[in-house]
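# Mind looking at a prediction? Sequence and model below.
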Amino acid sequence: MTISTNTVPVWFITGASSGIGRELVRQALEVGEVVAALARDASPLDDLGESDRLLTIDADVRDEAAVLSAVERTVERFGRIDVVANNAGYGLFGAVEEVDDARARAIFDTNVFGVLNVLRATLPVLRGQRAGHILQGSSYYGQTADPGVGLLAATKYAIEGLSDSLATEVAPLGISVTLVQPGLTATAFLGNLDVATTAHVDYDQTVRAVQQTIQGLPASAFSAVDRVAAGIRTAVFSHNPPRRLALGVAGADNMRAALTARVANLDEWASVTEKVDA
């Protein structure tokens with residue numbers, strides 16, 4: 001679905017207090033668009049100034065009732081929702097074995113079940129309009145993974161799978177779905193990583209090596225957040241929005257390598273695969 005240029009778009013953005021979410025809010029307001037901005041604490045948006053085009057809402061995406069209330073307030077204030085930016089989420093670092101159950105469940109509660117809460121709350125509005133665009137916050141870790149990011153990647157893989165299905169379900173209703181796949185971006189994301197409290201020496205050559213590599217990256221390795229947000233806006237206002245939008249060359253290269261390796265694996269084991277049907 002192409003967002004109409006004849007009306008002012010209404011954005012519904014989660015995770016809006018920092019990073020890509022905040023930059024989407026800022027760029028939308030800058031060009032006269034309308035935004036409902038959600039965050040567990042929306043006060044960091046106060047410096048954007050008061051505006052009748054901005055509705056800030058304190059809401060945790062893990063709280064289904066709070067998200068539903070936020071959608072109701074948005075529609076009551078602005079009359080519709082055109083773009084849902086399902087952006088809230090955080091990272092978790094540690095070997096798969098090192099991540100305890102509480103941390104594993106917590107990241108799924110935000111990164112997956114929080115996304116589902118937003119979808120269940122906003123889709124009735126979009127279906128009623130027969131129009132809208134859903135931006136699903138994924139990552140290049142939605143197509144590949146490094147040592148130490150298994151739980152983060154697991155949540156992003158989950159988002160990719162459900163979004164592929166969602167896109168086919170809502171396309172006949174005039175609703176587009178785009179998976180947003182940034183590479184490393186100059187935000188506070190890495191600084192806010194949750195870290196497993198257990199550390200096994202056996203993973204030093206893999207998990208800890210990746211951690212040291214990331215910590216040693218120069219600033220030039222991180223994409224500028226304003227350019228990432230601008231790329232997202234380009235997709236939203238395009239005539240043919242992509243199902244997946246890679247943002248940053250390094251992340252795209254990593255995904256391409258992972259996809260190429262999967263095809264090679266299929267080809268290498270094709271004789272075994274085909275014997276199943278013989």
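It's in. None of the values given here were measured: they were computed from a predicted structure.

# Return the residues in contact with Asp41.
17, 58 (C-beta atoms under 8 Å, 6 or more residues apart in numbering). (C-beta placed from N, C-alpha, C; glycine too.)

# what's the spacing between it and Ala145?
In this view, Asp41 and Ala145 are 30 Å apart by C-beta to C-beta, to the nearest Å.

# do the same with Ala42
When Ala42 is compared with Ala145 (using C-beta to C-beta), they lie 32 Å apart.

# same check, this time on Ile214
Applying C-beta to C-beta, one obtains 14 Å for the distance of Ile214 from Ala145.

# Val276 too?
Here Val276 is placed at a distance of 28 Å from Ala145 (C-beta to C-beta).

# which residues touch the residue positioned nearest the centre of the chain?
Taking C-alpha atoms, centre = their mean as the criterion, Gly137 is the residue nearest the geometric centre of the chain, at 1.0 Å. For Gly137, the residues meeting the contact criterion (C-beta under 8 Å, 6+ apart) are 15, 20, 85-89, 115, 159, 180.

# do that again at 10 Å, thanks
The neighbourhood of Gly137, defined by C-beta atoms under 10 Å, 6 or more residues apart in numbering, consists of 14-15, 20-21, 85-89, 111, 115, 156, 159, 179-182, 232.

# Before we move on, what's the pLDDT of the nearest residue to it once chain neighbours are set aside?
Of all residues not flanking Gly137 in the chain, Asn87 sits nearest, at 4.5 Å (C-beta to C-beta, 6 or more residues apart in numbering). The per-residue pLDDT reported for Asn87 equals 95.

# sorry, back to before: I'd like the distance between the residue nearest to the centre of the chain and Arg77.
Taking C-beta to C-beta as the measure, Gly137 and Arg77 are separated by 24 Å.

# Could you do Ser165 as well?
Between Ser165 and Arg77 the distance is 31 Å, computed by C-beta to C-beta.

# the more surrounded of the two?
Higher neighbour count among Ser165 and Arg77: Arg77, with 13 against 10, using other C-beta atoms under 10 Å.

# what about Pro172, how many neighbours?
As a measure of burial, Pro172 has 8 neighbours, counting by other C-beta under 10 Å.

# what sits against it?
Contacts here follow C-beta under 10 Å, 6+ apart; on that basis Pro172 touches Arg130.

# for the one 10 residues further on, same thing?
Under the criterion of C-beta under 10 Å, 6+ apart, the contact list for Pro182 reads 19-20, 137-141, 189, 223, 225, 228-229, 231-232, 245-248, 251.

# 6 Å instead, please
Remark: with contacts taken as C-beta atoms under 6 Å, 6 or more residues apart in numbering, Pro182 is in contact with 228, 247-248.

# And Glu160, by the same measure?
When contacts are counted by C-beta under 6 Å, 6+ apart, Glu160 is found next to 138, 142, 179.

# Distance of the second one relative to Val276?
From Gly142 over to Val276 the distance is 29 Å, taken as C-beta to C-beta.
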